[in-house]
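Visitor: when you get a sec, could you give me coordinates for this:
(one chain, ligands or ions: 3)
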Amino acid sequence: MSDFALLSQLAQNFQLDGKPLYCDKYGNGNINDTYLLLDSSGRVYILQKLNKSVFKDPEAVMRNQAEVIEFLKQKVSAKKEVASLVPTKYNALWHVEPDGEYWRLYDFIQESVCLESAASLFVFRECARAFGKFQASLSDFPAEKLVETIPRFHDTPFRYTNLHEAIDKDPVGRVKECQREINFLLQREKECSLLMDLKAAGVLPLRVTHNDTKLSNILFNKYTRKAMCIIDLDTVMPGLSVTDYGDAIRYGASTAAEDEVDLSKVKLSLPHFVAYTEGFLSVIGDSLTSFELDHLRDGTRIITLELATRFLADYLLGDVYFKITRPRQNLDRTRTQVKMAEEFEEHWNSLEI
Ligand code: ADP
Ligand code: GN1
Ligand code: MG
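Guide: Ligands and ions are numbered 1, 2, ... in the order given. The predicted model follows:
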């Protein structure tokens, strides 16, 4: 059977409005397999296969997500602000194929566009307001209902432990070409436990956070560029506000793509940093504690080092976690994060909030 025939058969397990007409790979997510599906009624969907090697308990991911979506739907005014799961013919929120793979279907958010870079400050301010609003909306969500879908996801010292293991094993012989990156990251290892230490000491409060706040996890109105909807809810878990803030900045305030090869293009855009900070604080500034405000700046640098260690560990292990579309992409991703960490260090005094 062709890919379309297989996907079409699979999609018919869900409550579609018509027969599948078109289904093909879509988007640039690093984790799940995403397809755009169109049916004969004209309705458009996003069909996704959940990555089971990343999410060891797919049903917990789906239950978390369903709870969060329902909770958010009670709060928002426009239907478009939350992605809806389309149920299966058996009224389940996910479908399991005979091969054990988990699939889910969302309504495609109409008139939306996914942006890979913040071409204007307006867009980035919108991004900040949307993630801020998302966190504020979940401030009274019962956190105990949420399963940790990836344990120790933003535990930076643990990520360093993984990096050490990858260096020691060196299963595909890549350590020798990564010496500069390894040295850079190891020199900063001790400072990277700061946020986890402050969390353990109760100085930084646990909140329900998104945990993957890159620009491409928001959909924008394709005409006005106003933020419409936060997507990719697989990692919504208890976390730190400063990490969500920092992750969005390390990605969106870079002047180049996360996998840019030419490092001279990778710089921190201070106007983007300011736009994000203003947008984020305008929405949730009042609800953050003074300790959180004091450590926003640390969030940017530590999450950037964390991503660098994750990309590098994955490169050393032979590209087993993040999707790649070309060789050395994870090494290029590591290098852009190292460059961004250098940029944060160079501009440290300008980043005071
Ligand atoms: P991954 O976990 O692999 O990053 P995402 O859930 O972020 O997967 O989805 C990948 C891409 O699919 C997004 O960046 C976006 O372009 C698109 N997408 C996902 N959900 C929707 C939706 N409901 N409507 C429109 N586009 C979507
Ligand atoms: C992954 O799924 P996606 O592409 O939105 C990753 C994030 C990284 C990001 C880097 C579950 O996000 O943690 O920051 O790639 N998601 C997971 O681009 O690991
Ligand atoms: Mg995503």
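
Visitor: the residue in the stretch 1-150 of the chain positioned nearest to ligand 2 in helix, strand or coil?
Guide: When scored by CB to the nearest ligand atom, the stretch 1-150 of the chain has Asn30 as its residue closest to ligand 2, at 3.3 Å. No exception for glycine: its C-beta is placed from N, CA and C like everyone else's. Recorded secondary structure, Asn30: coil (DSSP: H, G, I helix; E, B strand; the rest coil).

Visitor: mind listing what the closest residue to ligand 1 within the stretch 151-300 of the chain touches?
Guide: Going by CB to the nearest ligand atom, ligand 1 is nearest to Asp232 of the stretch 151-300 of the chain, at 3.5 Å. Residues near Asp232 by CB atoms under 8 Å, 6 or more residues apart in numbering: Gly29, His210, Asp212, Asn217.

Visitor: what's the spacing between the last one and Ile231?
Guide: Right, the one you point to is Asn217. From Asn217 across to Ile231, the span is 6 Å (CB to CB, to the nearest Å).

Visitor: comparing these two, which shows the higher neighbour count?
Guide: More crowded of Asn217 and Ile231, by other CB atoms under 10 Å: Asn217, with 24 against 21.

Visitor: find the nearest non-adjacent residue to that one, please.
Guide: Asp232 (4.2 Å; CB to CB, 6 or more residues apart in numbering).

Visitor: top helix in this structure by residue count?
Guide: helix 290-316 (DSSP state H).

Visitor: flag every buried residue along that one.
Guide: Using 16 or more other CB atoms under 10 Å as the test for burial, helix 290-316 gives 292, 294-316.

Visitor: now swap in stretch 226-240 and tell me
Guide: Those would be 227-240, for stretch 226-240 by 16+ other CB under 10 Å.

Visitor: check the offset of it from the chain's centre.
Guide: 8 Å (CA atoms, centre = their mean, to the nearest Å).

Visitor: try stretch 58-65
Guide: With CA atoms, centre = their mean, you get 16 Å for stretch 58-65.

Visitor: who touches it?
Guide: 50, 52, 55, 85, 93-94, 102, 104, 145-147, 149, 233-234, 236-237.

Visitor: now for the strand or helix carrying Ile46, which elements pack on it?
Guide: Assessed by DSSP states H and E, Ile46 sits inside strand 44-49. In terms of contacts (3 or more CB pairs under 8 Å, 6 or more residues apart in numbering; DSSP states H and E), strand 44-49 is packed against helix 3-11, strand 33-39, strand 102-107.

Visitor: give the buried residues for the helix or strand following the shortest one.
Guide: Put plainly, it is strand 102-107. Reading on from strand 102-107 to the C-terminus, the next helix or strand found by DSSP H and E is strand 112-114. Using 16+ other CB under 10 Å as the test for burial, strand 112-114 gives Ser112, Cys114.

Visitor: give the pairing partners of strand 112-114; include direction for each.
Guide: Strand 112-114 pairs in its sheet with strand 218-221 (antiparallel), by DSSP bridges.
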